[in-house]
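Asks: whatever this is, show me its structure:
(2 chains)
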Amino acid sequence: MSPVQELTTKLVAMDESGVLEGVREQLRAGEDPQAILDALSEGMNVVGERYGNKEYFLADLVMAAEIFKQSMEILEPKLDAEAGNGREVCGRMVIGTAAGDLHDIGKNIFVALARNAGFAVTDLGIDVAPESFVEQVKLNNANVVGLSGILTFSLDSMEETVKTLEEAGLRDQVKVIIGGLPVDERWCELVGADAYSDDAYEGLQKLLALMEEN
Amino acid sequence: MSEMTAIERVNKHINLEEPDRVGIAPMGEFYYAQLVDMSIEDFLMDPTKADEAFEYGFNKHGGFDMAEIGFLLASYLSTAPDAFSTFYLDWHLPGRERDPYAIPNLNERARENPLMTEDDYDLVLKHGWHRLFSFRRAGVEDLLSLARMGPAVAPLVQKWRQEYKVPTMIDGPMGQPVGVLARMRGTTNFLLDLRRRPEKMLEVMDVLCDGLIAFSLAQAEMLHAKTLILGGGTAADFISPKMFERFVLPFILRSAHAAVEAGYRLQYHFDTNWTPMLPYLKDLPAKSGYLHLDERTDIVEAKRVLGDHLCLFGNLKPSLFRFGTEEEVERRVKEIIDGCAAGGGLIISAELTADSRFELVDKMVQVTKEYGIY
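Replies: The predicted structure is shown next:
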């Protein structure tokens, strides 16, 4: 196994210091940053699959996402420096917890996974007004809006947000995905969203499927 | 068989015997405030008003098998780091940061700006969990309100238990460290900490657990409690069974056994999917209370695994009562009864949201009373 391939194994094993030291070491040794990134992405794919198969748990997903995020902080300057390198942005997402709701556990995990998957994410935080979504969609030329919420009244805020996007003439430009514990198919229909999930990993798979439809 | 009192019925279920019918006890909280157009602020801060709202709902639905006494105030003002304590957590309360009619809302701070830093673990070890106490969101007046709780609640407890023969659902919290740390650190940080500094976490949990037990039991006495709520914390499908065995189970068991040994009944409030962890719950004291499971746990599997050990409670999805239909509610209640009622040990319930619809809640109550007859 090459040192770069070892990064995949270490990420899957949640060896935080091993991965970070390995990334630094490989860069020092002149390894192609893109190859390092590919190895880490492969590790994330394995972790995701194992989570989907219930071999891994939320804590594993969170840990792997954290290691990946830290690795990217080391890698990104190198990737930017080399023309043609880096990841293709597979979507530009504006996400936030719907107005009136302060919950952010699920949203944060979804954001981490989406970034790992190659989305450029603008996270607006919690209790986000519909107008802020509109403003940020315009500013970032986003093609995805993520709305999160746990409280049932979040549905009203989500519905209002989608309506505001429509009124601003932006609804056709974006796919809307909603997430949170109580979210289901009926909620998705009422809000007028394109996809829903009560699980961050499943939500990402649904979002990727939506993007492929485009 | 002549109709049993609610106390007799619930006792039978908890002892895993068949009473006259399946139990029914919605966890309504702010739903009752909405029924009488009472502000959530009034409902939360005044146990007498909360009781008036609950009694209205109780009568409108033709009675339940448990009464909800206004212990919520004690939770939000608890001087221990309970799930609802405003002295520890970033709760936004009605009449303060929120509209008087809005429900309390927790700023989870799951990753950014946690209320507890990594360094605070050492402070807790050195000084105890009171080191985390803060007057950021509540003040001395709230402490005085808390002190007035005991005398305010006592006649309500007396009324329901002695006069109406209805047991109270929850009278106070029973602390355990996992939930406290997950909330104070933020769930994401907490999960990372479990991997990054496992030994320190165990040490802190050990210190926290004994302190929380002592405090919870003292507070229970003040609140004239019979039943305490013990949460599962951030557990279930969040972590692996191996991590669960190490970081969660020992502390839940320690708190549960301490409460039962002190003479209290427990509501084991285990949200999220506990299906993979059900076998572990055989270690909880048998017939020591009732196990609240939300819709994510397979309750029929819970009956198979724990049917000879603990009474089951809950399992209807809260959002069903806002977005569902009467047919859906009826179907789900009957499914649960068909799968879990045999031999007793079943109380139908749902954690109602404030905007639940009366007719859907009523359907749950009436179907249970009619279809759930043994």
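Asks: walk me through the domains of chain A.
Replies: For chain A, automatic domain parsing gives the domain ranges A:3-81, A:91-213.
Asks: tell me the most buried of those domains?
Replies: domain A:91-213 (a mean of 20; mean count of other CB atoms under 10 Å in any protein chain shown). For glycine as for every other residue, the C-beta is placed from the backbone atoms N, C-alpha and C.
Asks: any idea how far it is from the chain center?
Replies: With CA atoms, centre = their mean, to the nearest Å as the basis, domain A:91-213 stands 11 Å off its chain's centre.
Asks: start to end distance for that domain?
Replies: End-to-end distance for domain A:91-213: 13 Å, by CA to CA, to the nearest Å.
Asks: again, but for stretch A:179-187
Replies: One end of stretch A:179-187 sits 10 Å from the other (CA to CA).
Asks: repeat for stretch B:291-307
Replies: Stretch B:291-307 has its terminal residues 11 Å apart, counting by CA to CA.
Asks: any idea how far it is from the chain center?
Replies: That offset, for stretch B:291-307, works out to 16 Å (CA atoms, centre = their mean).
Asks: what mean pLDDT would you report for it?
Replies: Averaged across stretch B:291-307, the pLDDT comes to 96.
Asks: buried sites along it?
Replies: B:291-300, B:302-303, B:305-307 (16 or more other CB atoms under 10 Å in any protein chain shown).
Asks: just send the domains of chain A back as a markdown table, with distance to residue B:170 too.
Replies: A markdown table is the format used below for the domains of chain A (distance: least, CB to CB, whole Å):
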| stretch | distance to residue B:170 |
| --- | --- |
| domain A:3-81 | 27 |
| domain A:91-213 | 21 |
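Asks: and the ones you listed as CSV, adding mean pLDDT and distance to chain B?
Replies: Listed next are these as CSV, based on pLDDT from 0 to 100; distance: least, CB to the nearest CB, whole Å:
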stretch, mean pLDDT, distance to chain B
domain A:3-81, 91, 4
domain A:91-213, 92, 4
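Asks: pLDDT weak spots in chain B?
Replies: For chain B, the stretches with pLDDT under 70 are B:1-2, B:70-73, B:110, B:234-236.
Asks: just the strands in chain B please.
Replies: Listed in chain order, the strands of chain B (DSSP state E) span B:23-24, B:91-92, B:105-106, B:172-173, B:227-231, B:265-270, B:289-293, B:311-315, B:346-349.
Asks: what is the last one packed up against?
Replies: By that I understand strand B:346-349. If contacts are counted by 3 or more CB pairs under 8 Å, 6 or more residues apart in numbering or on different chains; DSSP states H and E, strand B:346-349 sits against helix B:6-14, strand B:23-24, strand B:311-315, helix B:326-340.
Asks: so which of these gets nearest chain A?
Replies: For these, the distance to chain A is smallest for helix B:326-340, at 9.8 Å, taking CB to the nearest CB.
Asks: can that closest one be found next to chain A?
Replies: No: using CB under 8 Å from any CB of the partner chain, helix B:326-340 never reaches chain A; the gap is at least 9.8 Å.
Asks: got the angle for that helix vs strand B:311-315?
Replies: In terms of direction (axes from the mean of the first three to the mean of the last three CA atoms, to 10 degrees), helix B:326-340 departs from strand B:311-315 by 160 degrees.
Asks: pull the CA atoms of helix B:326-340 into CSV?
Replies: Provided in CSV are the C-alpha atoms of helix B:326-340 (Å, rounded to 0.1, in the frame of the first residue of the first chain):
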residue,chain,number,x,y,z
GLU,B,326,-58.1,10.6,11.9
GLU,B,327,-57.7,7.4,9.8
GLU,B,328,-54.0,7.5,10.1
VAL,B,329,-54.1,8.1,13.9
GLU,B,330,-56.6,5.2,14.3
ARG,B,331,-54.6,2.9,12.2
ARG,B,332,-51.4,3.5,14.1
VAL,B,333,-53.0,3.3,17.5
LYS,B,334,-54.5,-0.1,16.6
GLU,B,335,-51.2,-1.3,15.2
ILE,B,336,-49.5,-0.6,18.5
ILE,B,337,-52.2,-2.2,20.5
ASP,B,338,-52.3,-5.3,18.3
GLY,B,339,-48.5,-5.6,18.5
CYS,B,340,-47.9,-4.7,22.2
